[in-house]
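In: need a 3D model of the sequence below.
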Amino acid sequence: MALHIPPALHHRRFRLLWLGFMISVAGSQMQVWALFWHIRTLTDQPIALGGVGLARIVPIVLFSLIGGSMADVLNRRVMMFITQSVMALTALALALLTISGQITLWHIYFLTAIQAIAAAFDGPARQSLVPNLVPAQDLPNAFSLTSIAAQTGAIAGPALSGLVIAYWGQAATYLINAVSYLAVLWALVMMGKVAQQAAPAQRAVVSLPAIREGIQFIRNHPIILSTMIMDFFATFFSSANTLMPIFARDVLHVGAVEYGWLSAAQSIGAMAAALVISQVNEIRRQGPVFLGAVVAFGLATVAFGMSRTVAMAMAGLVFIGASDSVSTIIRNTIRQLQTPDYIRGRMTSVNQIFFMGGPQLGEMEAGIVAQLFNAPFAVITGGIGCIVAVVMIARRWPQIRVYNGDEPMLAGAPAD
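Out: Numbers count the residues shown, from 1 in each chain. Sure thing, here's the model as predicted:
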């Protein structure tokens with residue numbers, strides 16, 4: 001199969017956002033994994049690592065629906081500029097507190113919560129902006145490239161975090177992240193104005209009825225609802241990233257540099273899978289492929305939990321990332337193509353609660369189970385739980401088992 005320039009990259013504004021997003025993700029992922037290492041340095045209690053999940057999920061639940069409604073009413077590009085700026089400032093605050101030697105667990109939790117509030121508004125605006133930058137036929141390719149950008153950054157970020165911590169110190173990871181947000185801000189300035197479908201006059205406000213309309217839209221469309229619920233339970237059971245410092249130090253007995261590579265392993269697999277999908281013009285039988293990818297995700301999680309060498313752990317994590325990348329690309333394509341533009345922000349905000357709520361609550365669950373038993377047990381049982389969830393959800397919503405990918409857009413768009 002000859003390589004070619006993916007069609008979505010022919011669109012200048014998407015190309016700008018894609019490049020800026022890739023750089024920013026590298027900085028963000030560097031900070032995420034550095035935070036876990038930082039907390040493990042401050043305390044050896046697994047439950048403290050789970051506290052990061054709580055600090056993230058509460059703001060997401062409280063503000064995502066509002067953020068989604070705003071993304072359907074306000075200018076999505078302007079919203080992103082504000083949210084990216086806030087996240088840059090919080091990263092800078094983490095760096096300054098660390099340099100001064102005053103940082104505590106509560107500082108980390110508080111600033112993580114501030115970043116999560118910004119992310120609750122940023123996610124719906126960013127994901128809803130992508131369909132405004134490329135035509136519908138290039139949207140699956142755009143999401144594949146977005147996954148590549150995310151995974152490229154997620155490989156570079158964690159790998160660099162170990163090196164930066166080892167040679168320049170913890171604070172440097174936060175400073176680099178603060179600077180990385182400038183890439184997205186630059187892209188947003190350079191792309192200029194972006195047209196988006198206006199909401200009908202009666203919906204052109206941020207209100208409880210507008211939020212309820214978004215929730216009702218999802219409830220009325222099982223193909224979207226089932227992918228969201230699958231997303232939540234799969235990541236709830238199989239999320240244990242915050243336990244990586246414990247695996248590195250206490251199970252595999254390695255240091256910060258090896259920890260960085262372990263942290264990047266999932267993204268190596270994810271990027272490889274996304275690169276393959278980016279070269280595929282059309283994906284058929286998307287429902288069965290999605291279900292198979294989530295089952296593989298659970299099996300790979302079990303394999304990682306059973307590993308006792310760095311090589312085995314890396315292999316398990318690579319397969320976790322590859323299977324998760326396939327499921328992410330397909331579920332994002334299903335949701336965006338099956339949702340009219342006027343309500344995409346609200347759909348994305350509900351999805352964000354599932355997408356971010358699952359892993360963050362899962363990190364808490366993994367921390368509690370690891371505290372009661374041990375880290376490998378927490379990971380292995382989580383992988384088994386993920387597989388059980390796939391079976392139950394596929395039985396409850398059979399539509400996902402037969403979804404092909406060429407179905408027409410769901411009803412519900414407003415009249416022109």
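In: tally of neighbours for Arg396?
Out: 11 (other Cβ atoms under 10 Å). For the C-beta atoms, the positions are set from N, CA and C on the backbone; glycine is no exception.
In: show me the contacts for it.
Out: Arg396 makes contacts with Ser226, as judged by Cβ atoms under 8 Å, 6 or more residues apart in numbering.
In: and with 10 Å instead?
Out: Pro222, Ser226, Ile229 (Cβ atoms under 10 Å, 6 or more residues apart in numbering).
In: same thing with Glu258?
Out: Counting by Cβ under 10 Å, 6+ apart, Glu258 has contacts Gly162, Ala248, Arg249, Leu252, Val310, Ala313, Met314.
In: so Arg284: helix, strand or coil?
Out: At Arg284, secondary structure determined by DSSP: H, G, I helix; E, B strand; the rest coil is coil.
In: confirm for me that it is in contact with Asn404.
Out: Yes - under the criterion of Cβ atoms under 10 Å, Arg284 makes contact with Asn404 at 5.8 Å.
In: could you pull out the buried residues of the helix or strand encompassing Leu275?
Out: If you go by DSSP states H and E, Leu275 is part of helix 256-278. Across helix 256-278, burial judged by 16 or more other Cβ atoms under 10 Å covers 256-271, 273-275, 277-278.
In: which one's the longest helix in this structure?
Out: Counting residues, the longest helix found in the chain (DSSP state H) is helix 12-42.
In: so which elements touch that helix?
Out: helix 46-73, helix 76-100, helix 105-129, helix 139-167, helix 170-191, helix 244-246, helix 256-278 (3 or more Cβ pairs under 10 Å, 6 or more residues apart in numbering; DSSP states H and E).
In: nearest to Glu365, out of those?
Out: helix 46-73 (7.7 Å; Cβ to Cβ).
In: tell me which residues in that closest one are buried?
Out: For helix 46-73, by 16+ other Cβ under 10 Å, it's 46, 48-57, 59-61, 63-73.
In: elements contacting it?
Out: Against helix 46-73 (3+ Cβ pairs under 10 Å, 6+ apart) you get helix 12-42, helix 76-100, helix 105-129, helix 208-219, helix 244-246, helix 344-372, helix 375-396.
In: out of these, flag the one nearest Ala154.
Out: For those, proximity to Ala154 was assessed by Cβ to Cβ; helix 12-42 is nearest, at 4.6 Å.
In: quick one: mean pLDDT over the closest one.
Out: When pLDDT is averaged over helix 12-42, the result is 87.
In: show me what counts as buried in it.
Out: Residues of helix 12-42 classed as buried by neighbour count (16+ other Cβ under 10 Å): 13-40.
In: so where's the stretch 201-350 of the chain shaky on pLDDT?
Out: Counting by pLDDT under 70, the ranges of the stretch 201-350 of the chain that qualify are 201-207, 240, 278-283.
In: ok, back up a step: starting at the chain centroid, how far to the longest helix of the chain?
Out: Using Cα atoms, centre = their mean, to the nearest Å, the mean C-alpha position of helix 12-42 is found 11 Å from that of the whole chain.
In: got a list of what the residue lying closest to Ala183 once chain neighbours are set aside touches?
Out: Distance criterion Cβ to Cβ, 6 or more residues apart in numbering; nearest residue to Ala183, sequence neighbours excluded, is Ile23 at 3.7 Å. Counting by Cβ under 10 Å, 6+ apart, Ile23 touches Ala149, Thr152, Gly153, Ala156, Val179, Ser180, Tyr181, Leu182, Ala183, Val184, Trp186, Ala187.
In: isn't the fourth one up against Ala26?
Out: Yes - with contact defined as Cβ under 10 Å, Ala156 and Ala26 form a contacting pair (4.4 Å).
In: find residues that contact each of the two.
Out: Common contact partners of Ala156 and Ala26 (Cβ under 10 Å, 6+ apart): none.
In: and the closest residue in space to Ala248 that isn't next to it in sequence, how far from Phe36?
Out: Using Cβ to Cβ, 6+ apart and skipping the chain neighbours, the partner closest in space to Ala248 is Tyr259 (4.0 Å). Distance, Tyr259 to Phe36, using Cβ to Cβ, to the nearest Å: 9 Å.
In: what touches both of these two?
Out: Residues touching both Tyr259 and Phe36 by Cβ under 10 Å, 6+ apart: Pro158, Ser161, Met244, Pro245, Ala248.
In: dump the residue contacts of the closest residue to the first one other than its chain neighbours.
Out: So that's Pro158. Leaving aside its sequence neighbours, Pro158 sits nearest to Ser263 (Cβ to Cβ, 6+ apart; 3.3 Å). Going by Cβ under 10 Å, 6+ apart, Ser263 touches 29-30, 32-34, 36-37, 154-155, 157-159, 161-162, 241, 244-245, 248, 317.
In: so how far is Ser85 from Asp122?
Out: According to Cβ to Cβ, Asp122 and Ser85 sit 10 Å apart.
In: neighbour-wise, which of those two wins?
Out: Comparing Asp122 with Ser85 by other Cβ under 10 Å, the one with more neighbours is Asp122, at 24 against 14.
In: list the contacts of the more buried one.
Out: If a contact means Cβ under 10 Å, 6+ apart, then Asp122 has 67, 71, 76, 79-84, 86-87, 115, 184, 352 as its contacts.
In: and those residues, which are buried?
Out: For the contacts of Asp122, a burial check counting by 16+ other Cβ under 10 Å picks out 67, 71, 76, 79-81, 83-84, 86-87, 115, 184, 352.
In: let's have those in a markdown table, adding distance to Arg335 and pLDDT.
Out: Supplementary listing: these in a markdown table, determined by distance: Cβ to Cβ, whole Å; pLDDT from 0 to 100:
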| residue | distance to Arg335 | pLDDT |
| --- | --- | --- |
| Gly67 | 16 | 82 |
| Ala71 | 14 | 80 |
| Arg76 | 16 | 87 |
| Met79 | 19 | 91 |
| Met80 | 19 | 92 |
| Phe81 | 24 | 94 |
| Thr83 | 21 | 95 |
| Gln84 | 23 | 94 |
| Val86 | 26 | 95 |
| Met87 | 24 | 95 |
| Gln115 | 24 | 91 |
| Val184 | 22 | 93 |
| Gln352 | 11 | 72 |
